[in-house]
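Asker: Need the 3D shape of this:
(2 chains)
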Amino acid sequence: MGRRAYLVQADLAVKASVKHMFSEIREKCGRLDFLILNAAKAPFKPLEQLFERELRQLVETNFIGNIFCVQEALPLFGESGGKVVFISSLGSRFYNVSYPLGTMKAAMESAVRDLAESLSSTKISVNGVCGGIVKTDSFKVLRQLWEEVAQIPDELFVEPDEITDAVLFLCSEASRGMRGQTIVVDRGLSNRLHRPIPEMQKNKSVT
Amino acid sequence: MKQTLITEQTVIEEVKKGVAETLNIDKGSIKPEHSLMKDLDAESLDFLDITYRLEQTFGIKMARHFVLEHVEQLFGEGSAINEDGQLTEKAVELLKIRAGGDLPKEIRAGMDMDEVPALVTVQTMARGVMDILDSLPKACTSCSNAAWKAEDGIHITCGSCGAHATFDNGDDLTKAWLTKVQEEKKLF
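Answerer: Residues are numbered from 1 along each chain as shown, chains lettered A, B, ... in the order given. Now for the predicted structure:
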């Protein structure tokens, strides 16, 4: 693709690890233009069954860790500013079985709005993309927790490229009028309370 | 009941097949003693794919949670994993009972819990499948006849009414085993 790419490993829940990651970025690149907050880690259990260590991991990785990243990124944006895009999911707005990560996605969508306003006097924009059911590797988890996913019409499954296109939009000048917003990219899944199951979809297995 | 229609060797071959398809590697290179993570470079999400394939193949539902998670659900947080995320002495003792006495030397008290999945091998995964298959009821739940068959060596069906066999799910079997061990050994 003609691009240089560097891999730096970090545990978002540990501030020192995040600091190290951004110092590597500073050393290699000198500055930052875009911060895409995509990393997540969470147990798949009902919220009320989470152990203390699991609750702390849920919050420390998926909320506090993202805030650490924004804090460390700010000095790297410099005078030219930059764009922060948080990747959320419909779990922020709707219940999903054994998906406590949704609570952190909701918290981060609120943080997107908060940060956008508190950084409004700078050239740093903060927005989010809320994905529907996207066929990434993580879909394998959904398939095992939520067997009814097989009844969702194929046309409602979002392709990863459709999420990245929305992120690219938010990273471009074309999104300059947007601040603190989270765009839903779900092919309309969340539009309806009820959706008839097409005959051909019944009894199909999801692979 | 301990079933004899599907052999452990058949299960091992299907586990190898599931691993090969998930990881896109040569099935012939996989050995039963291979660790999915350390020897075959599987990641946590690959485990889900492999178990999904095995569930579809055998018509079973494998455990969604490791045995130590069930210990903590049943006997309280901290009983198997301490506040530093490490295995307790009792957790190691329990794993020894589950393994029938012999444990890999890497399993020890103080071991980080995140290192445990790396110890899952093709063989241990096959054992998990066999445990579920051994929950086959004596008689068909649809017609009450005891006429199980597995013509292809993989799918168990009723020879009388054709119904597919149903099994206990992996998590329920784990909980039942833990309850039994606790009654006998009073570990926790």
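Asker: what's the distance between the spatially most central residue of chain A and A:D161?
Answerer: Chain A has A:I87 as the residue nearest its centroid, 1.9 Å off, counting by Cα atoms, centre = their mean. Using Cβ to Cβ, to the nearest Å, we find A:I87 at a distance of 14 Å from A:D161. (C-beta placed from N, C-alpha, C; glycine too.)
Asker: tell me which parts of chain B are close to chain A?
Answerer: B:45, B:48-49, B:51-52, B:56, B:64-65, B:72-73, B:77, B:81, B:83, B:85 (Cβ under 8 Å from any Cβ of the partner chain).
Asker: Sort out for me which of those residues are in helices.
Answerer: B:45, B:48-49, B:51-52, B:56, B:72-73 (DSSP state H).
Asker: Where do the strands of chain A begin and end?
Answerer: A:34-37, A:82-89, A:124-131, A:133-134, A:157-158, A:182-185 (DSSP state E).
Asker: Chain B is nearest to which of those?
Answerer: strand A:133-134 (13.8 Å; Cβ to the nearest Cβ).
Asker: and the closest one, does that touch chain B?
Answerer: No. Under the criterion of Cβ under 8 Å from any Cβ, chain B is not reached by strand A:133-134; the shortest gap measures 13.8 Å.
Asker: still on that earlier bit, which of the residues of chain B next to chain A lies closest to A:L156?
Answerer: B:Y52 (20.6 Å; Cβ to Cβ).
Asker: Check whether B:I12 sits in a helix, strand or coil.
Answerer: helix (DSSP: H, G, I helix; E, B strand; the rest coil).
Asker: and if you look at B:K16?
Answerer: Per three-state DSSP, B:K16 ends up helix.
Asker: all helices of chain A, in order?
Answerer: Going by DSSP H, chain A shows helices at A:15-29, A:52-59, A:65-77, A:101-118, A:139-145, A:160-170.
Asker: Those helices into CSV, with extra columns for mean neighbour count?
Answerer: Listed next are the helices of chain A as CSV, based on neighbours: other Cβ atoms under 10 Å in any protein chain shown:
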stretch, mean neighbour count
helix A:15-29, 15
helix A:52-59, 16
helix A:65-77, 19
helix A:101-118, 19
helix A:139-145, 18
helix A:160-170, 17
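Asker: Show the contacting residues for B:G18.
Answerer: B:G18 makes contacts with B:49-50, B:53-54, B:57, as judged by Cβ atoms under 8 Å, 6 or more residues apart in numbering or on different chains.
Asker: what separates the most centrally placed residue in chain B from B:V11, distance-wise?
Answerer: In chain B, the residue lying closest to the centroid (Cα atoms, centre = their mean) is B:G128, at 2.2 Å. Between B:G128 and B:V11 the computed distance is 9 Å (Cβ to Cβ).
Asker: same question, B:W177
Answerer: 19 Å.
Asker: of these two, who's got more company?
Answerer: Taking other Cβ atoms under 10 Å in any protein chain shown, B:W177 and B:V11 do not tie; B:V11 has more neighbours (24 against 15).
Asker: ok so, going back, need the contact list for the residue nearest to the centre of chain B.
Answerer: Taking Cβ under 8 Å, 6+ apart, one finds B:62-63, B:170 in contact with B:G128.
Asker: Backbone dihedrals for B:S35, both of them.
Answerer: phi -80, psi 130 (degrees, to the nearest 10).
Asker: so how far is A:L101 from it?
Answerer: Applying Cβ to Cβ to B:S35 and A:L101 gives a distance of 28 Å.
Asker: try B:L23
Answerer: 26 Å.
Asker: got it, and B:D114?
Answerer: On the measure of Cβ to Cβ, B:D114 and A:L101 end up 18 Å apart.
Asker: same question, B:E151
Answerer: Taken as Cβ to Cβ, the span from B:E151 to A:L101 is 44 Å.
Asker: Touching, B:L48 and A:K140? I think so.
Answerer: Yes. Between B:L48 and A:K140 there is a contact at 4.2 Å, judged by Cβ atoms under 8 Å.
Asker: chain center to the lowest-mean-pLDDT helix or strand in chain A, what's the gap?
Answerer: Lowest by mean pLDDT, DSSP states H and E among the helices and strands of chain A is helix A:139-145, with a mean of 74. Distance of helix A:139-145 from the chain centroid (Cα atoms, centre = their mean, to the nearest Å) equals 18 Å.
Asker: That helix close to chain B?
Answerer: Yes. Applying Cβ under 8 Å from any Cβ, one finds helix A:139-145 in contact with chain B at A:140-141, A:143-145.
Asker: of all the residues you listed, which comes closest to A:R56?
Answerer: A:V141 (20.9 Å).
Asker: you'd agree the closest one is up against A:A42?
Answerer: No. Using Cβ under 8 Å, A:V141 is not in contact with A:A42; the gap is 9.9 Å.
Asker: before we move on, the earlier item: what is the nearest of the residues of helix A:139-145 next to chain B to A:K123?
Answerer: For those, the nearest to A:K123 is A:V141 (37.9 Å; Cβ to Cβ).
Asker: so who does the closest one touch?
Answerer: If you count contacts by Cβ under 8 Å, 6+ apart, then A:V141 has A:44, B:45, B:48 around it.
Asker: Next one: it from A:D165, what distance?
Answerer: Distance from A:V141 to A:D165, by Cβ to Cβ: 24 Å.
Asker: what's stretch B:49-61 in contact with?
Answerer: So stretch B:49-61 is contacted by A:140, A:143-144, A:205, B:6, B:11, B:14-15, B:17-19, B:21-22, B:36, B:42, B:62, B:125, B:129, B:132-133, B:154-156, B:164-167, B:169-170 (Cβ under 8 Å, 6+ apart).
Asker: All good on my end, thank you.
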